[in-house]
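Enquirer: structure for this input, please:
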Amino acid sequence: METAGALPLLLLVDDEREILVALTDLLEDRYRILTTTSPVEALGLIAVHPDIAVIVSDQRMPELTGSQFLARARTATDAEAILLTGYADLSAVVAALNEGAISGYANKPWDAESLTAMVAAAAERHALRRALAFERAAFRGLADNSGDSVAILDAAGRIVRGASDAGVDARDLSALAQDRVDDEDRHQPLPGGDRWTHIRRIPFAAGNDRYLLRIERDDTDRRLAQRRHHQSEKLEALGTLSGGIAHDFNNLLAAIIGNLELAERRIDDRERLKRYLASAGEAAGRGSAITRRLLSFSRQRDLAAEVFRPEEAIRAIEELILRTTAGRIRVAYHFAAEPWSVRTDPGQFELAILNLAINARDAMDGGGTVGIATENVDDAAEHLPDLRGPFVRISVSDTGSGIDDAVRGRVFEPFFTTKAQGAGTGLGLPMVRAMARAAGGEVTIDSVVGQGTTIHLWLPRAEADATAAALPDRHAITPRRLLLVEDDAEVRAVVAAQLESVGHSVTVQGSARAAVAALEAGARFDLVLTDFAMPDLSGIDVANRVRACCPDVPVLLITGFAEIGDTPVGLPVLTKPFTGDQLHAAIAAALATPDSARG
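Expert: Predicted coordinates:
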């Protein structure tokens, strides 16, 4: 292989030294030169110099004729060959040309300008042929050994190099037509596990024709590793929260038990009874919110971008944020008066805020204030030149020791941490920045040593989703015939009472098999409410049996397992614990579902 930038190497072969001197004087300014008077010796030089670009050989030599020598050389080198000959040797020249041993010839005595041009053209052909061979070998090596499926398509979408199992689709032609690089991620649920494929489309021109390089990569391992990493970050955050949560639940249970005891003693005092029950209900609601957020936050789920308001997501995990402070540090909120929405994965966003709150807590040794704020920025370019347009800036600040320039330059490096061994992984801030950049945003740091640090999370503004429908009016609820299937007697009694309080006719079953048997025997209801986890049949099993015998009867699945809400069971799901209004809203939604959606 020639060294990049080196002059082409010529081999000059002639049995007359004077000819070699004359040729060397003519060509040495533009080429590196090897010379020999022996064609046999020349074959040896070819063996040790694989980068020879052009061979110029005399025809009449004592050991081998030039055409004989070049025919042998052709088996060992891809160099271009030029034959020097007299008019009497034209038959040998014609034979050599026909056999492919030479690409041209010059007559003796030669014209210096013509011979120089001939050698230059031969050297250029050799360089182009070597470059083409390199490109072909590189493409073949990439296609055969990279593990990716690599193909080149023409403007009509036909595969002209490589192979592809995916066939041609509209995005191929669109990338070609728009002359833009296109990246696509495909997700395919399979019985043995999900599969992800990343496809990159790169248009390019060759002459007057347009082509598309398409690279398909199996992205499953990386996605699964990303999912495991995301889950490990959640578990680390949950570990930080666990001590404070146990203490908090003891307080909540004490409030519930105490208020219920007081209510029992004041059963005849209606106003005090209402106050005690309201206090117990509020404490239970706080406990329910903490449990719901913990279950939702800890469950493993695929990352999926959604449109939401950062303030609402932060408020939803407020209890978890408070737990990170362990009661030692104050948390202050300052949200934009007219909140904008953003588009990213809510779970990643919540995890980012928790990580930043934990870092802020750790930066303040024993006390201080963690500030969490949002601000609408009309044009982020005023602060960050690489960002354009409206952004929401979410800031988490502390009143701690600050970060010096040396540390600030490394905080986004994976596994870099200033915490004691075992106290941190060094993955929190890199994860926050990865989430922000995936959403089209950025993370910046303002810090003054001795005064504190503020981490700014910049996310592009997104159009808000439509607001959720209002809860149904209890007085407008139409009484229905309902079948309630629940194996827990206390839950069964409470739910039945809630249903009957608004006029529904309720049949209760503590056994899933007994409920299914009644339906299959001909009992008819407007709706079946079934628990998910039961000892004889699961709620999904019940739903399948209902579909088989009563396809027009909708089923509402009730569960205390947060992850069921992400399972494609094809059923509406109500998660425990729930209020009466939430129960009635879920029933209304299930009854409003078109029949075609139930099959």
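Enquirer: okay, F69: pLDDT?
Expert: Looking at F69, its pLDDT is 90.
Enquirer: that one and V13 touch, don't they?
Expert: Yes - using CB atoms under 8 Å, F69 makes contact with V13 at a distance of 6.8 Å. Where C-beta positions appear, they are placed from N, C-alpha and C, glycine not excepted.
Enquirer: in a helix, R180, correct?
Expert: No - using DSSP: H, G, I helix; E, B strand; the rest coil, the secondary structure at R180 is coil, not a helix.
Enquirer: tell me the secondary structure of the closest residue to it other than its chain neighbours, please.
Expert: Sequence neighbours aside, P203 is the residue nearest to R180 in space, at 7.1 Å (criterion: CB to CB, 6 or more residues apart in numbering). Using three-state DSSP, the structure places P203 in strand.
Enquirer: surely I55 and E80 touch.
Expert: Yes - using CB under 8 Å, I55 is in contact with E80, at 7.3 Å.
Enquirer: run through the stretch 451-599 of the chain and note the low-pLDDT ranges.
Expert: Where the stretch 451-599 of the chain drops to pLDDT under 70, the residues are 464-476, 561-569, 593-599.
Enquirer: just the helices in the stretch 51-200 of the chain please.
Expert: 66-73, 90-99, 112-145, 170-178 (DSSP state H, counting those that start in this stretch).
Enquirer: which stretch of helix or strand covers the residue nearest the centre of the chain?
Expert: The residue lying closest to the centre of the chain (CA atoms, centre = their mean) is R223, at 6.8 Å. Assigned by DSSP states H and E, R223 belongs to helix 220-265.
Enquirer: V506 belongs to a strand?
Expert: Yes - judged by three-state DSSP, V506 forms part of a strand.
Enquirer: and it, what is it in contact with?
Expert: Going by CB atoms under 8 Å, 6 or more residues apart in numbering, V506 touches 482-484, 496, 499-500.
Enquirer: list only buried entries from the residues you listed.
Expert: The neighbour count (16 or more other CB atoms under 10 Å) marks 482-484, 496, 499 as buried among the contacts of V506.
Enquirer: give me the subset of those that lies in strands.
Expert: Under the assignment DSSP state E, the buried ones among the contacts of V506 contribute 482-484 to strands.
Enquirer: dump the residues you listed to a markdown table, plus distance to N355.
Expert: Listed next are those as a markdown table, based on distance: CB to CB, whole Å:
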| residue | distance to N355 |
| --- | --- |
| L482 | 45 |
| L483 | 46 |
| L484 | 42 |
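Enquirer: and those, which is closest to D446?
Expert: Comparing these against D446 with CB to CB places L484 closest, at 56.1 Å.
Enquirer: what about the helices in the stretch 401-550 of the chain?
Expert: With helices called from DSSP H, counting those that start in this stretch, the stretch 401-550 of the chain shows them at 405-408, 428-438, 489-500, 512-520, 539-549.
Enquirer: now the last one - C-alpha only, CSV.
Expert: Which is helix 539-549. What follows is helix 539-549 as a C-alpha-only set of coordinates in CSV (Å, rounded to 0.1, in the frame of the first residue of the first chain):
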residue,chain,number,x,y,z
GLY,A,539,-58.6,-10.8,36.3
ILE,A,540,-57.3,-11.2,32.7
ASP,A,541,-58.6,-14.9,32.7
VAL,A,542,-62.0,-13.6,33.9
ALA,A,543,-62.0,-11.0,31.1
ASN,A,544,-61.2,-13.7,28.4
ARG,A,545,-64.0,-15.9,29.7
VAL,A,546,-66.4,-12.9,29.6
ARG,A,547,-65.4,-12.1,26.1
ALA,A,548,-66.1,-15.7,25.1
CYS,A,549,-69.6,-16.0,26.6
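Enquirer: so after it, what's the next helix or strand?
Expert: strand 555-559.
Enquirer: residues in contact with that next one?
Expert: The contact list for strand 555-559 (CB under 8 Å, 6+ apart) reads 486, 495, 527-533, 539-540, 542-543, 546-547, 564-565, 569, 571-576, 586-587, 590, 598.
Enquirer: quickly run through the sheet partners of that strand, with directions.
Expert: strand 527-531 (parallel), strand 573-575 (parallel) (DSSP bridges).
Enquirer: how far does it sit from its chain's centre?
Expert: Distance of strand 555-559 from its chain centroid, counting by CA atoms, centre = their mean, to the nearest Å, is 33 Å.
Enquirer: what number of residues lie near F69?
Expert: 26 (other CB atoms under 10 Å).
Enquirer: now it. Nearest residue, chain neighbours left out?
Expert: P39 (3.8 Å).
Enquirer: so who does that neighbour touch?
Expert: Counted by CB under 8 Å, 6+ apart, P39 has contacts 13, 57, 61, 63-64, 66, 68-69.
Enquirer: 7 Å - rerun?
Expert: By CB atoms under 7 Å, 6 or more residues apart in numbering, P39 lies in contact with 13, 61, 63-64, 69.
Enquirer: what do you get for A589?
Expert: So A589 contacts P572 (CB under 7 Å, 6+ apart).
Enquirer: okay, now the closest residue to S149 other than its chain neighbours: neighbour count?
Expert: Once flanking residues are discounted, S149 sits nearest to E216: 4.1 Å by CB to CB, 6+ apart. Residues near E216, counting by other CB under 10 Å, number 19.
Enquirer: quick one: pLDDT of E216?
Expert: At E216, the pLDDT recorded in the model is 84.
Enquirer: which other helices and strands contact the strand or helix carrying it?
Expert: Using DSSP H and E, E216 maps to strand 209-218. Other helices and strands packing on strand 209-218, by 3 or more CB pairs under 7 Å, 6 or more residues apart in numbering; DSSP states H and E, are strand 149-154, helix 170-178, strand 195-206.
Enquirer: 10 Å instead?
Expert: For strand 209-218, the elements it packs on are helix 112-145, strand 149-154, strand 159-162, helix 170-178, strand 182-188, strand 195-206, judged by 3 or more CB pairs under 10 Å, 6 or more residues apart in numbering; DSSP states H and E.
Enquirer: would you mind writing the CA trace of it as PDB?
Expert: Extracted as PDB, the C-alpha positions of strand 209-218 are listed here (Å, rounded to 0.1, in the frame of the first residue of the first chain):
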ATOM      1  CA  ASP A 209     -26.600   9.700 -10.300                       C
ATOM      2  CA  ARG A 210     -28.000   9.700  -6.800                       C
ATOM      3  CA  TYR A 211     -27.700   6.800  -4.400                       C
ATOM      4  CA  LEU A 212     -28.700   6.000  -0.800                       C
ATOM      5  CA  LEU A 213     -26.400   4.100   1.700                       C
ATOM      6  CA  ARG A 214     -28.700   2.300   4.200                       C
ATOM      7  CA  ILE A 215     -27.200   0.800   7.400                       C
ATOM      8  CA  GLU A 216     -29.500  -1.400   9.500                       C
ATOM      9  CA  ARG A 217     -28.200  -2.200  13.000                       C
ATOM     10  CA  ASP A 218     -29.700  -4.500  15.600                       C
END
